[in-house]
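Undergrad: Sharing a model that was predicted from the sequence below.
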There are 2 protein chains.
Amino acid sequence: MFPSVLGADRPDTASGRSGWTRRLGTAIGRVVGGYRARMPAASSPSRRPHSGNRRDDAARLAVLHAADDLLAENGFGALTVEAIARRAGVAKQTIYRWWPSKVEILLDTLIEDSDKRIPVPVEKPSAESILRYLRGFARFVARDPAGKVLLALIAEAQHDAGTAKSFHQRYLGPRRAREREMLTRATEAGEVAPRLGADATMDALVGAIVYRALTGSSIPRGLVDTLVDDLLRPRAD
Amino acid sequence: MFPSVLGADRPDTASGRSGWTRRLGTAIGRVVGGYRARMPAASSPSRRPHSGNRRDDAARLAVLHAADDLLAENGFGALTVEAIARRAGVAKQTIYRWWPSKVEILLDTLIEDSDKRIPVPVEKPSAESILRYLRGFARFVARDPAGKVLLALIAEAQHDAGTAKSFHQRYLGPRRAREREMLTRATEAGEVAPRLGADATMDALVGAIVYRALTGSSIPRGLVDTLVDDLLRPRAD
DNA sequence: CGTTGTCCAGACAGGACGTCTCGTCTACGC
DNA sequence: GCGTAGACGAGACGTCCTGTCTGGACAACG
């Protein structure tokens, strides 16, 4: 049902690639910049003309996929950098060169996956599109292996302050901005009439769904529908 | 505001107790059985008449308090069994003798604290008492140091299957049973009229509150009030 | 063709884990 | 009383993962 996380074709490891790099580099490309792509000096636009060898994109993808797979198979508790390196066929140092922690690896995969699977419908906002979005979100978080990454990061953010900061800055913040936009537009268009503010309303909807997922319960469609109806539909009295 | 988690008087460590044990043993007693109290053979009611020395209750409390304090101070990520042992003035083996993991320690403190701070009002259920309960819950989870334990355990349950099982069996399950009772009685009395089932309704209410706490947002009273009103009050149409 | 930077491979110290073995002390049974 | 069973503090032990740091091979660019 969900054959593969993060893209269609994926090599099992990054090893045994003679000529791989060039083909991959142009064929796939980078959808998301990834952790380090934005870290070093975003202020200086024209950096060094890049001497030396360039980053191996196959290795980057192998790491992302390995992390994803290992999380789905054994859970976050068993996820170690060494295991990721082994599975990806990559040296440990290659991982530490580009990511400061396994959390940033997961964050990279999560951003890529959720942009692909559950984009926020900011254009043409309507009660119907909001409902569809939340149904998709519920499905993502409850049944999609990639949704487990989201749950794992929410969890890890409770344990580590650095994770919390990064998770907010890179994922929750931007996503919530789009959700707020979606809800605000729909409200202004008279499509919905929430009694709470945009953030509180989204938290109530998303929170209920996420909590069900966190506690291992299923998320029947009727739950989402009723919730949306109760919180977004204007009351008669 | 919340001077101490888990009881009033607490020694800093368990060491230096000459004569401590006897006094503590009778004075404080055990509110909750704790992890191991129910584990070994609940089938045989009359066990061995207990030769040897008995369990040191001061050590038990010192461990519970140390875990609580360390979690509040440094977060779950920095919480180690060794650190708990050091802080409690207790040998590591003493901890492993009674708890299989630090999670069970936290579970012991959580059960004790939430029974004390946010009991579920199953008697005399009313819309008003439900609202008060949820306000208290929101306060507990957002501002009480003991509430951090709940968040940490929800988080750890995502990372480890064993934690998830234990957390459900010992905390979420029993608590939800009482909450369901509360809601069902209030519904039968005509006090409230949820459109969703008891579990789904509670998840929507609790989930929204927990999600705010998990993402570090405050939980204004108006949010809880409106949520309760939207989900529990009968709709006119 | 040399410089630069990435890659794999592996060594390394540090820390936490969970187990184990001591010696001490205390409650209970005989 | 006295012996024994069990809890306790102290600390050693092997294992695993961490994050850093080498070395040597390779590829891109000037």
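TA: Here it is on my side, so go on.
Undergrad: Which strands or helices does the helix or strand in which A:S114 is found pack on?
TA: A:S114 is part of helix A:102-117, with elements assigned from DSSP states H and E. Judged by 3 or more CB pairs under 8 Å, 6 or more residues apart in numbering or on different chains; DSSP states H and E, the packing partners of helix A:102-117 are helix A:35-38, helix A:57-74, helix A:81-88, helix A:127-143, helix A:145-159, helix A:161-167. C-beta here means a position set from N, CA and C on the backbone, and glycine is covered the same way.
Undergrad: in the longest one, what counts as buried?
TA: Across helix A:57-74, burial judged by 16 or more other CB atoms under 10 Å in any protein chain shown covers A:57-72.
Undergrad: which intervals of chain A have sub-threshold pLDDT?
TA: Residue ranges of chain A with pLDDT under 70: A:1-33, A:36-49, A:236-237.
Undergrad: and the residue nearest the centre of it, how far is that from chain B?
TA: What sits nearest the mean C-alpha location of chain A, by CA atoms, centre = their mean, is A:L110, with 2.3 Å. To chain B, A:L110 is 14 Å away according to CB to the nearest CB, to the nearest Å.
Undergrad: And A:R175, by the same measure?
TA: Distance from A:R175 to chain B, counting by CB to the nearest CB: 11 Å.
Undergrad: before we move on, what about A:L172?
TA: Remark: distance between A:L172 and chain B (CB to the nearest CB) = 6 Å.
Undergrad: count of residues packed around that residue?
TA: Counted by other CB atoms under 10 Å in any protein chain shown, the residues lying close to A:L172 total 17.
Undergrad: count of neighbours near A:R180?
TA: Residues near A:R180, counting by other CB under 10 Å, number 17.
Undergrad: Leaving out sequence neighbours, find the closest residue to it.
TA: Leaving aside its chain neighbours, A:R180 sits nearest to A:A198 (4.6 Å; criterion: CB to CB, 6 or more residues apart in numbering or on different chains).
Undergrad: Enumerate every residue touching that neighbour.
TA: Counting by CB atoms under 8 Å, 6 or more residues apart in numbering or on different chains, A:A198 touches A:E179, A:R180, A:L183, A:T184, A:T187.
Undergrad: got the phi/psi numbers for it?
TA: phi -60, psi -50 (degrees, to the nearest 10).
Undergrad: Give me the spatial nearest neighbour of A:R117, chain neighbours excluded.
TA: Using CB to CB, 6+ apart and skipping the chain neighbours, the partner closest in space to A:R117 is A:F140 (5.7 Å).
Undergrad: Make sure A:A67 is actually in contact with A:L106.
TA: Yes: applying CB atoms under 8 Å as the test, A:A67 and A:L106 come out as touching, 6.0 Å apart.
Undergrad: Check which residues of stretch A:198-205 are buried.
TA: Neighbour-count burial for stretch A:198-205 [16+ other CB under 10 Å]: A:A198, A:A200, A:T201, A:M202, A:D203, A:A204, A:L205.
Undergrad: could you dump the residues you listed to TSV with secondary structure?
TA: Below are the buried residues of stretch A:198-205 laid out as TSV (DSSP: H, G, I helix; E, B strand; the rest coil):
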residue	secondary structure
A:A198	helix
A:A200	helix
A:T201	helix
A:M202	helix
A:D203	helix
A:A204	helix
A:L205	helix
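Undergrad: between these, which is nearest A:Q158?
TA: Nearest to A:Q158, judged by CB to CB, of the buried residues of stretch A:198-205 is A:D203 at 16.4 Å.
Undergrad: check contacts around the closest one.
TA: A:D203 neighbours (CB under 8 Å, 6+ apart): B:A208, B:Y211, B:R212, B:T215, B:S217.
Undergrad: quick one, phi psi at the third one?
TA: Right, the one you point to is B:R212. The phi/psi pair for B:R212 (degrees, to the nearest 10) reads phi -60, psi -40.
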